[in-house]
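> Need coordinates for the following:
(2 chains)
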2 protein chains.
Amino acid sequence: MKISQLFTKTIKEAPADETAVNAKLLIRGGFVSKVMAGVYEYMPLGFRVMEKINNIIREEMNAIGGQELQMSVFQNKDVWSATGRWQSAKDVMYQFKDAADKEYGLGFTHEEPLAAAARHYINSYKDLPRAVYQIQTKFRNEPRAKSGLLRGREFLMKDLYSFHASQEDLDQYYEKVASAYGRVFERMGLKTIRTFASGGSFSKFSDEFQVEADIGEDIIYLNKSAGRAVNKEVYTDEVLAELGWDKKSLAERTSIEVGNIFKLGTKFSEPLGLKFTDEKGDSKPVIMASYGIGLGRLMGTVVEVSHDDRGIIWPESIAPFKVHLMSLSRNEQAEEVYQELTRQGIEVLYDDRDDKTAGEKFADADLIGCPWRLVVSEKTGDKIEIKRRSEKDSRLVEVPELAKLFL
Amino acid sequence: MKISQLFTKTIKEAPADETAVNAKLLIRGGFVSKVMAGVYEYMPLGFRVMEKINNIIREEMNAIGGQELQMSVFQNKDVWSATGRWQSAKDVMYQFKDAADKEYGLGFTHEEPLAAAARHYINSYKDLPRAVYQIQTKFRNEPRAKSGLLRGREFLMKDLYSFHASQEDLDQYYEKVASAYGRVFERMGLKTIRTFASGGSFSKFSDEFQVEADIGEDIIYLNKSAGRAVNKEVYTDEVLAELGWDKKSLAERTSIEVGNIFKLGTKFSEPLGLKFTDEKGDSKPVIMASYGIGLGRLMGTVVEVSHDDRGIIWPESIAPFKVHLMSLSRNEQAEEVYQELTRQGIEVLYDDRDDKTAGEKFADADLIGCPWRLVVSEKTGDKIEIKRRSEKDSRLVEVPELAKLFL
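Okay, the predicted model is just below:
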């Protein structure tokens, strides 16, 4: 993509009401545009990053047997009333009536509609286990939306739901998902800490995946030798005794939750009548679990933990482009490099603008944060200057060497 | 994918309130599940079809320079008030207040927010032309949602917006998009008729892409020799005279609009202050156009025009799977065929269930509607019975011949 053709430009100043680093850098870089507090639009650069995150998640969810689908945003009041959440979730769920007094809710999670839909398809132990997931826009009434993309009123989420005939089967699959989550975050360059968090009526704990960061809204207590942590919400003497953890050995940490997984038991299947007939012919409620990853939040988290004072430093796996190429004077040679790398399938953002100074071009490259920067200029002669965004030193390479570096 | 593992099953009866053929077949086949009138969930089979439609559209939009992005569902009242549509679109736009009296609208189209976002990026003639598009869930208050997926309250849509410095540039690009639309529909096996429809303050006509079908909500008058039509809404003596069309030679047709393209002029850029500086240094409003395709509607239209009394007949380009393989008795051989075709990258839905009769399996294959049906049974010996969904006759082929047929 040539920058002269790109829909966005970099912006000098983020909106004054934006305090989070992630939103400031993503807005200034042209990745997102702000609609209102907690609501962002993904511009082409941001969309590319999001698609790469989505694809990593899709690969890992498909690998554990997840079948992708797409639930609706509009929620049916009757289905949510069956579990009591139409009332109990009123604080977070946007609910409204249209002119004809018909009531709607906007989905912030999808346990109820999935349990309801599954009634058409799951009747026998032969129909279990099953796992389905979606990548979908969700809505949550946040009175004080802040922290940029970390806590939105409208946000993209991956949610997986699994259905089982027995607790043992659920327990096994739950650990498979936990491993898949570890791979998702690792592939994006994020170190996560699996963290005990509050459970519910069917499980003592849920599990969160936390990333250490200054901006995080969670406090966790890290057991370094176990590589696990407990969330402050379950940081009690009783829990520590159960885990056999010594309070003195734990380190307090301000962190970001990027994923959580939750054993639901029969909390949703019982009120909604999602049952199956077991081998003996007995009717039993299906056992469920749900597993979430906030995608906008994930993108924001990467920016929070991977930036410097000049801009974003994208990991290669989710960078909008692998290479940021700029021409300072020798456009013809730069154009050749652009064509050659593109031909080889390497994603190149090419700053071909002739009305910008070298300083402006370098500043844009640092702000946008592609992993590799290439410079073609009088100074570099026949060679190309190459530098990693994450490193200080550059070096000169011959053109034929270039492509090998990126493949 | 093995049917024994698929999340959905076929369903004997669609909901009683569902009258449209497209919704009946898609629900019975397990492609979609109904949430409420005008709101459907895409189950894994339906999701696969939708992804194929999306990919065709993405390829054609990228080919004409469209840059993909993702706008928000939540709409900013101030931005829509600037053009007057917060008031004038109240009938179709869901609008509501949260507990703190903050007002939200749900997007049914995105001219306003795109013009608003573009103000950050378009300032000079050098920043034009630009074209951006998204594939996104939209919402529209339909008092009487009917016709299944053809007219939803919640629906997936592709919308492209283009920005130009001159009317001539817009006119040229508009025809490029029209050609791309033709290719999109053709690749999905749909014959469309480009149709003059009502324009607006900036253009006499807009253009619709209409598909002849019994269920359609539009009436058009077709000029067979020109291969074009006029929508009833502009079917006046004046318009016909302008087009030089003889009323007597036109054929009336009940059809479905699957796409429309619209010259907007400066209708949105002027009130929102989207301006650019031209070569002479003069400030001018940007000239815009918008181009829509309803994706759920497109999927529903394909089913309306391509089915029989036993089920759906998918065109190969958007079928959930290319091949529907079933084993009637010889599971081992069927499993081998499944593995071999899958290994070659051919998408196979394999009915491996051993608790279904041959009749049930044949009925499911016809309902789901994959383009090719393969049967392995005692009767077929070492060979495989192969039949097109759209044809009556089957024939026997050797296994090694099989893959060649599909690649």
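> can you pull the pLDDT of A:R144?
In this model, A:R144 is scored at 79, pLDDT.
> Would you confirm that A:R119 contacts A:F276?
No: under the criterion of Cβ atoms under 8 Å, A:R119 is not in contact with A:F276, lying 10.3 Å apart. The C-beta positions use only the backbone N, C-alpha and C, and glycine is treated the same way.
> How about stretch A:291-300, which residues are buried there?
Across stretch A:291-300, burial judged by 16 or more other Cβ atoms under 10 Å in any protein chain shown covers A:291-300.
> Sort out for me which of those are in helices.
If you go by DSSP state H, the buried residues of stretch A:291-300 have A:295-300 in helices.
> one step back: ok, A:R119 and A:F276, which is more surrounded?
A:F276 (22 against 15; other Cβ atoms under 10 Å in any protein chain shown).
> quick one: is the helix or strand harbouring the more buried one near chain B?
Per DSSP states H and E: A:F276 is located in strand A:275-277. No: Strand A:275-277 is not in contact with chain B by Cβ under 8 Å from any Cβ of the partner chain; minimum separation 12.7 Å.
> can you tell me which residues contact the one residue in the stretch 201-350 of chain A that gets nearest to chain B?
With Cβ to the nearest Cβ as the measure, A:G296 is the residue of the stretch 201-350 of chain A nearest to chain B, at 10.4 Å. Contacts for A:G296 (Cβ atoms under 8 Å, 6 or more residues apart in numbering or on different chains) come out as A:40, A:50, A:149, A:152, A:155-156.
> Tell me which two in those are the farthest apart.
Greatest spatial distance among these (Cβ to Cβ): A:M50 and A:G152, at 13.1 Å.
> List the buried residues for stretch A:41-58?
Result for stretch A:41-58 [16+ other Cβ under 10 Å]: buried residues A:41-50, A:52-53, A:56-58.
> What about the closest residue to A:R153 other than its chain neighbours, how many residues nearby?
Among residues not flanking A:R153 along the chain, A:G38 sits closest, at 3.6 Å (Cβ to Cβ, 6 or more residues apart in numbering or on different chains). A:G38 has 25 neighbouring residues, counting by other Cβ under 10 Å.
> Next: A:Y235.
17.
> Check which helix or strand the residue nearest to it when sequence neighbours are not counted maps to.
Spatial nearest neighbour of A:Y235, excluding adjacent residues (Cβ to Cβ, 6+ apart): A:Y221 at 5.4 Å. Assigned by DSSP H and E, A:Y221 belongs to strand A:220-223.
> residue nearest the centroid of chain A?
In chain A, the centroid-proximal residue (Cα atoms, centre = their mean) is A:L295; its distance is 2.5 Å.
> Give me the helices and strands touching the very next helix or strand once past the strand holding A:F276, please.
Beyond strand A:275-277 on the C-terminal side, the first helix or strand identified by DSSP H and E is strand A:283-285. Helices and strands touching strand A:283-285, by 3 or more Cβ pairs under 8 Å, 6 or more residues apart in numbering or on different chains; DSSP states H and E, are strand A:275-277.
> Show me which residues of the stretch 101-250 of chain A sit near chain B.
A:104, A:113, A:117-118, A:120-121, A:126-127, A:130, A:132, A:137, A:139, A:141, A:143, A:153-154.
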